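[1] below are the sequence and a predicted model for it; my questions follow.
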Amino acid sequence: MDKLIYIVWIALLITLIPLEGKGQNIFPEILSVKEQSKVIDEILEDRLDNLLPKLMRREGVDMWVLISREYNEDPIMKTILPSTWLAARRRTIMVFYDNGETLDKIAIARYSVGKLLKGEWNVDVYPDQWEALMTIIKDKNPKSIALNYSDNYGLADGLVKTEYNSFMNYLPESMHDRVTSAERLAVAWLETRSDIELEMYPMICRMGHLILREGLSERVIHPGITTTDDVVWWLRQRVKDLGLDTWFHPSVSVQRADMGNNEFLRSFSKRPDQDIIRHGDLVHVDFGITYLRLNTDQQQHYYILKPGEEDAPEGLKRAFANGNRVQDILVSNFRMGKTGNEILKASLDQAKAEGLNASIYTHPIGFHGHAAGPTIGMWDKQGGVKGPGDYPLFENTAYSIELFAATEVPEWGGKLVRIMLEEDGVYSDDQFYFLDGRQKELFVIPQSREKMGK
């Protein structure tokens, strides 16, 4: 099936299948494993043919070599393996060589890597795999040989020591000075979304939002009975039942009027497994799914109405609005070429000038949940992050806009409430947009109306 037809078909599915028990919400149909395989391979072929050559030229790399052994794969190689390869085979070596006009895609392996990389190891001529690789390198005579080692990014540091040592031992000494880190190219490959991926990503984020709206509802939560851990496991099970995956264990935590101001930290490390959800609680959820090799990461808030209440207290709604304002400030500072640390400082300075008590810890997202690219703060590093925070912003890159705003709530005796938000979006054409909108108002349970706006 043609790639464009696939994308149009997938997009149309969003209007076909009703979410059980919520006719007004539409849940996209999950493609069969076979259909997913076709889509994944078409996207990969497009990325290798059209995106990778541009990135190699941008970063000044004419040869990129990836080396992995079975079940100890380089994280980047795993994003290049075809859908039917669930692991490398024995030792798999991939070589990408840009001759200035076309990109040679070579597998130094006993067989081709799917239909994407042609196998060029003639065992009868070169019984030693390393010698076969060196023959290719000598024949191409590249100006640079980029390998996946990196000080700043674990995802770009996938070449293990034994393979590096073997490579250097076989490589002619006259070429040793051509070996360089592939860090910039590796990060570019991971962070840059293709046109096809940008078409699909909103649907995947929509899936995450709809699962949350189902799980954080009166269907699942019965105040006084349901625990936060019950909701966590409901989300895990729902994801599995739908045929999706999740890249981290969800978290569900509560803030309430009789808690101390530092109780929010439990959502990071010390929350109890059996915290019973009660009327008047502010429930926070952190959740992400994986579909078609792309990930989501979403945090939202839900208020459990007390008997007789029709809406959340005004103080909580103002606190939530402050969280939205910090989101606005952050994404307004996204500019091509600005580093993560520069974006962080500008955003925190602006928030402070507006009287907002904010913390920003935003990260790239894509093939991985905590992906490679410019780090824009960490929750415990608000002064900047050396290394990943110094990496610049490029277009067609995706981010989880993750942060909190702390606000005193009069109805809770002046308690400091932290609104911890996270939504996924893309920087493209010198502007930022949320992939499936964002939570603009505090949701309430029981649900009274849809409050997801774009």
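    Received it, and whenever you're ready, just let me know what you need.
[2] output the lengthiest helix in the chain as CSV, restricted to C-alpha atoms.
    Scanning the chain for the helix with the most residues, using DSSP state H, yields helix 195-215. Extracted C-alpha coordinates of helix 195-215, given in CSV (Å, rounded to 0.1, in the frame of the first residue of the first chain):
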residue,chain,number,x,y,z
ASP,A,195,7.0,14.4,7.4
ILE,A,196,5.2,11.0,7.7
GLU,A,197,5.9,10.8,11.5
LEU,A,198,4.6,14.3,11.9
GLU,A,199,1.4,13.3,10.2
MET,A,200,1.0,10.3,12.6
TYR,A,201,2.1,11.8,15.9
PRO,A,202,-1.1,13.7,16.7
MET,A,203,-3.1,10.5,16.5
ILE,A,204,-0.7,8.7,18.9
CYS,A,205,-1.0,11.5,21.4
ARG,A,206,-4.7,11.4,21.0
MET,A,207,-4.7,7.8,22.0
GLY,A,208,-2.8,8.7,25.2
HIS,A,209,-5.3,11.4,26.1
LEU,A,210,-8.3,9.2,25.5
ILE,A,211,-6.9,6.4,27.7
LEU,A,212,-6.4,8.9,30.5
ARG,A,213,-9.9,10.3,30.1
GLU,A,214,-11.3,6.8,30.5
GLY,A,215,-9.0,5.8,33.3
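[3] can you name every helix or strand that it contacts?
    helix 3-13, strand 22-26, helix 33-46, helix 228-241, strand 282-287, strand 294-295, strand 298-304, strand 415-428 (3 or more Cβ pairs under 8 Å, 6 or more residues apart in numbering; DSSP states H and E). To be clear about C-beta, it is placed using only N, CA and C from the backbone, and glycine gets the same treatment.
[4] now do T226, the pLDDT please.
    Looking at T226, its pLDDT stands at 97.
[5] for it, what are its contacts?
    Going by Cβ atoms under 8 Å, 6 or more residues apart in numbering, T226 touches V220, I276, I277.
[6] what do you get for L52?
    By Cβ under 8 Å, 6+ apart, the residues touching L52 are F96, L103, W189.
[7] that's a helix at it, yeah?
    Yes. According to DSSP: H, G, I helix; E, B strand; the rest coil, L52 belongs to a helix.
[8] how much space between it and S194?
    Plainly put, L52 is 10 Å away from S194 if you go by Cβ to Cβ, to the nearest Å.
[9] cool, and K306?
    48 Å.
[10] you'd agree H279 is up against A312?
    No. In this structure H279 lies outside contact range of A312 using Cβ atoms under 8 Å: 11.9 Å.
[11] common neighbours of those two, please.
    L305.
[12] looking at this protein, which helix or strand does the model trust least?
    The helix or strand of the chain with the lowest confidence, counting by mean pLDDT, DSSP states H and E, is strand 18-19 at a mean of 40.
[13] can you list the domains in this protein?
    The chain breaks down by automatic domain parsing into domains covering 36-189, 193-453.
[14] want to throw those into CSV with distance to I30?
    Below are the domains of the chain laid out as CSV (distance: least, Cβ to Cβ, whole Å):
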stretch, distance to I30
domain 36-189, 8
domain 193-453, 5
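[15] list the contacts of Q327.
    Residues in contact with Q327, defined by Cβ under 8 Å, 6+ apart, are I401, L403, L421, E423, R438.
[16] gap between W412 and E314?
    Counting by Cβ to Cβ, the gap from W412 to E314 is 11 Å.
[17] the two - which one has more neighbours?
    Neighbour totals were compared for W412 and E314, and W412 leads with 20 against 11 (other Cβ atoms under 10 Å).
[18] so that one touches G315, yeah?
    Yes. W412 is within contact range of G315, at 6.7 Å (criterion: Cβ under 8 Å).
[19] now do the end-to-end distance for stretch 220-234.
    For stretch 220-234, the first-to-last residue distance is 8 Å (Cα to Cα, to the nearest Å).
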